[in-house]
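Visitor: Okay, sequence plus prediction incoming.
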Amino acid sequence: MKAGIRGFTLIELLVVVTIGAVLASLVVLGLGRWSSPDDPERQLARMAALLELQCEQALFQSRPRGIRVTPSGFDFWQAGSAGWVELSSSGINRQRAWHGEVEPRLFVEGRRRALEDAIDLPQILCQPLGEVTPFELELRSGQERARLTVSGRGQQQLRTG
């Protein structure tokens with residue numbers, strides 16, 4: 001009896017290729033997590049997601065929400081019968097700090113706002129009917145720069161460079 005050379009079946013090859021494709025996609029998706037938390041684009045993407053959440057809460061609660069931007073970070077506010085009140089210092093509404101050596105620049109309705117001044121009210125507002133204060137927020141860190149632009153209807157655009 002002769003021993004024949006046996007090759008792989010089509011099914012075995014498809015299984016190996018599928019496993020390889022799944023592993024390759026996991027590696028590619030995981031690369032985004034390795035970027036530095038100091039990256040200005042990453043910080044603005046987080047802020048954009050939190051802004052969307054605050055605007056949704058304004059809609060659900062029928063009460064305006066706001067974001068105050070400072071040189072050190074940003075925090076969240078809500079309008080009530082007694083005026084603007086800073087939201088809880090814990091959970092999703094907690095105050096956020098900028099990571100690393102970033103320099104924020106805020107433009108509200110086309111005008112630059114001085115962040116160095118003591119600010120006791122939010123500069124960016126989410127209204128219950130979906131309107132948002134149009135603004136641009138730029139973060140600079142050395143040579144890196146990212147800019148978040150939000151229209152009055154809440155449309156967001158994040159750019160780098």
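Guide: Structure's in. What do you need?

Visitor: residues in contact with the closest residue to Val108 other than its chain neighbours?
Guide: Once flanking residues are discounted, Val108 sits nearest to Phe135: 4.9 Å by Cβ to Cβ, 6 or more residues apart in numbering. From N, CA and C alone the C-beta is placed, and that goes for glycine too. Listed by Cβ atoms under 8 Å, 6 or more residues apart in numbering, the contact partners of Phe135 are Leu106, Phe107, Val108, Glu109, Gln123, Ile124, Thr149, Val150.

Visitor: how far away is the fifth one from Gly66?
Guide: Translated: Gln123. According to Cβ to Cβ, to the nearest Å, Gln123 stands 8 Å off from Gly66.

Visitor: So which of the two has more stuff around it?
Guide: Neighbour comparison, Gln123 and Gly66: the larger count goes to Gly66, with 23 against 19 (by other Cβ atoms under 10 Å).

Visitor: how close does that one sit to Gly7?
Guide: For Gly66, the distance to Gly7 - Cβ to Cβ - is 67 Å.

Visitor: cool, Val102 as well?
Guide: 58 Å.

Visitor: more crowded one of those two?
Guide: Ranked by neighbour count (other Cβ under 10 Å), Val102 and Gly7 place Val102 first, with 22 against 8.

Visitor: who's in contact with that one?
Guide: Here Val102 is in contact with Asp38, Pro40, Gln43, Leu139, Arg140, Ser141 (Cβ under 8 Å, 6+ apart).
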